[in-house]
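Peer 1: Sequence unavailable; structure follows:
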Ligand SMILES: [Zn+2]
């Protein structure tokens, strides 16, 4: 079972990267796993949450077969609940499913980090990484990036001190 689950993870990552058209549906699948990772959910909870948080309608024809697939791969388990005349399934991740998600999210984090890396700069003073809206200042003819104005002024102070030492 373990090999089957890990294959699923790399398949998801692979299809995520290879086919742009598949990205949206694959992203929905990924998001379904993320929602289940937060806690047990009914199919319609998942549909509602996708719409609420991603601002797009998820297709039940994607969600339900995917849940079925997860169920068959023992990634999710379900509890039957009957409310009135309807039977509903409440899905939750199995422990195998949880460890699969942890691995998957780690891989995804790596992908996301490399995707945002080019738009990041490093604060010239404290060295922290800044995503968007870095503060720039020209010091001694060089345009330098800072995380904030405080770092910029500290940098200037120490630059002046260094020059006086020299
Ligand atoms: Zn800084």
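Peer 2: In hand now; what should we look at? Computed from a predicted structure; not experimentally measured.

Peer 1: Show me which residues of the chain are close to the ion?
Peer 2: Proximity of the chain to the ion is confined to 123, 125-126, 147, 151 under the rule Cβ under 5 Å from the ion. C-beta: built from backbone N, CA, C; applies to glycine.

Peer 1: redo that, cut-off 8 Å
Peer 2: Counting by Cβ under 8 Å from the ion, the chain comes close to the ion at 123-128, 130, 146-148, 150-151.

Peer 1: Show me the two of these that sit farthest apart.
Peer 2: Largest separation among the residues of the chain next to the ion by Cβ to Cβ: 127 and 150, giving 14.2 Å.

Peer 1: Out of those two, name the residue with the larger neighbour count.
Peer 2: Comparing residue 127 with residue 150 by other Cβ atoms under 10 Å, the one with more neighbours is residue 150, at 12 against 9.

Peer 1: Now the host helix or strand of that one: average pLDDT?
Peer 2: Secondary structure assigned from DSSP states H and E places residue 150 in helix 149-165. On average, the pLDDT along helix 149-165 is 88.

Peer 1: ok, now stretch 91-109?
Peer 2: Per-residue scores along stretch 91-109 average to 92.

Peer 1: How about stretch 51-64?
Peer 2: 87.

Peer 1: oh, and call the first residue 12 from now on, that's how I've got it
Peer 2: Done: numbering now begins at 12, and the last item shifts to stretch 62-75.

Peer 1: what's the span of it from first residue to last?
Peer 2: 15 Å (Cα to Cα, to the nearest Å).

Peer 1: Among the residues of the chain next to the ion, which one has the most neighbours?
Peer 2: residue 157 (25 neighbours).

Peer 1: Bridging across strands, which residues link to that one?
Peer 2: On the basis of DSSP bridges, residue 157 is bridged to residue 146.

Peer 1: Hmm, it is touching residue 167, no?
Peer 2: No. Contact criterion Cβ atoms under 8 Å: residue 157 and residue 167 do not qualify, at 9.9 Å.

Peer 1: who touches both of these two?
Peer 2: Listed as contacting both residue 157 and residue 167 by Cβ atoms under 8 Å, 6 or more residues apart in numbering are residue 148.

Peer 1: thinking again about what came up before, could the residues of the chain next to the ion go into a markdown table alongside distance to residue 120?
Peer 2: Converted to a markdown table, the residues of the chain next to the ion look like this (distance: Cβ to Cβ, whole Å):
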| residue | distance to residue 120 |
| --- | --- |
| 134 | 22 |
| 135 | 26 |
| 136 | 27 |
| 137 | 23 |
| 138 | 21 |
| 139 | 18 |
| 141 | 18 |
| 157 | 26 |
| 158 | 22 |
| 159 | 25 |
| 161 | 29 |
| 162 | 26 |
